[in-house]
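In: make a model of this:
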Amino acid sequence: MDFPRRGAPRSPDRPLVLGHRGASADAPENTLAAFRLAMKQGADGVELDAWRCATGEVVVFHDEDARRIAGSPLRVKDATLAELRALDVGAHRGAAFRGERMPLLAEVLDALPRAVVNVELKSSGLDLGLAAEVARVIARARAEDRVIVSSFDYRLLGAFRAAAPHLPVGLLFEHGQAWRLEVALALTLMGAAAVHPERVLVTPARMAEWKARGLAVNVWTVDAPEDAERLVALGATALITNVPGRTRELVRRRTGR
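Out: Presented below is the predicted three-dimensional model:
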């Protein structure tokens, strides 16, 4: 099926800096506190993870369950919104963040009205309904011009493209994954606007190939200054980083922007 392609968010003269789950080196990941801190530190936007919980809402959380973050065995896809909202997802990072709650995607888009937002679709058991609900949330927030949707699962991206063919998508891939075939499928079948490679996969030759195809190259997770330096020099479209303040300052020094 031939979908029209909308370009991914980008800056004309430097890489964008996106806080990975917010400013997650300094605040509890995937919380409004972390997202707001990323913007305060100078980020252009944030990267976050989206699941659909048992009652149908799109919540922002990374793991399948809440053990690591909140000490609870609750599985996100099986729990109600009320159950998930009862969890404290900030206390594990200290008293200053006690009481942080799992946010809805809609709340994040509302709280960051000028931020670029990279929404990663997460699904255990291939919840294709997640894609359509994320498309509805983005439309209701009128955030179409500042959002890109990504996933490691090209089937989820295909479902999102069917629900919102005018919005850009990017395929996530990492070292050790059979990524070449999936990238080819994403580009051929979905007209993906971006690739989201792990930083170790970005070589000069691959960067040149991706850019020649008109793709945005949004690289994760870029924390070390030497990695950021290399990727700025190669012309990455976005750097997804746990330390957005430091990375933004490096970009400013290297590009003057």
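In: only C-alpha atoms from now on, for both contacts and neighbour counts.
Out: OK.
In: would you list every one of the strands in the chain?
Out: 16-20, 45-52, 58-60, 116-121, 147-151, 169-173, 194-197, 216-219, 238-241 (DSSP state E).
In: give me the residues contacting stretch 183-203.
Out: 1-8, 150, 154, 157-158, 161, 168-175, 210, 214-222, 227 (C-alpha atoms under 8 Å, 6 or more residues apart in numbering).
In: same question for stretch 87-96.
Out: Taking C-alpha under 8 Å, 6+ apart as the rule, stretch 87-96 contacts 27-28, 31, 69-70, 72, 97-102.
In: just to revisit the earlier point, with distance to residue 76 and mean neighbour count as extra columns, can I get the strands of the chain in TSV?
Out: Below are those laid out as TSV (distance: least, C-alpha to C-alpha, whole Å; neighbours: other C-alpha atoms under 10 Å):
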stretch	distance to residue 76	mean neighbour count
strand 16-20	20	32
strand 45-52	7	27
strand 58-60	9	26
strand 116-121	13	25
strand 147-151	17	25
strand 169-173	21	27
strand 194-197	25	25
strand 216-219	27	25
strand 238-241	24	28
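In: so which of those gets nearest residue 78?
Out: Nearest to residue 78, of all the strands of the chain, is strand 45-52, at 9.2 Å by C-alpha to C-alpha.
In: could you say what helices and strands that closest one packs with?
Out: For strand 45-52, the elements it packs on are strand 16-20, helix 32-40, strand 58-60, strand 116-121, judged by 3 or more C-alpha pairs under 8 Å, 6 or more residues apart in numbering; DSSP states H and E.
In: let's have those in a markdown table, adding distance to residue 236 and mean pLDDT.
Out: Converted to a markdown table, the helices and strands packed on strand 45-52 look like this (distance: least, C-alpha to C-alpha, whole Å; pLDDT from 0 to 100):
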| stretch | distance to residue 236 | mean pLDDT |
| --- | --- | --- |
| strand 16-20 | 9 | 99 |
| helix 32-40 | 20 | 98 |
| strand 58-60 | 26 | 98 |
| strand 116-121 | 15 | 98 |
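In: could the ones you listed be laid out in a markdown table, adding distance to residue 106?
Out: Listed next are these as a markdown table, based on distance: least, C-alpha to C-alpha, whole Å:
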| stretch | distance to residue 106 |
| --- | --- |
| strand 16-20 | 18 |
| helix 32-40 | 11 |
| strand 58-60 | 8 |
| strand 116-121 | 11 |
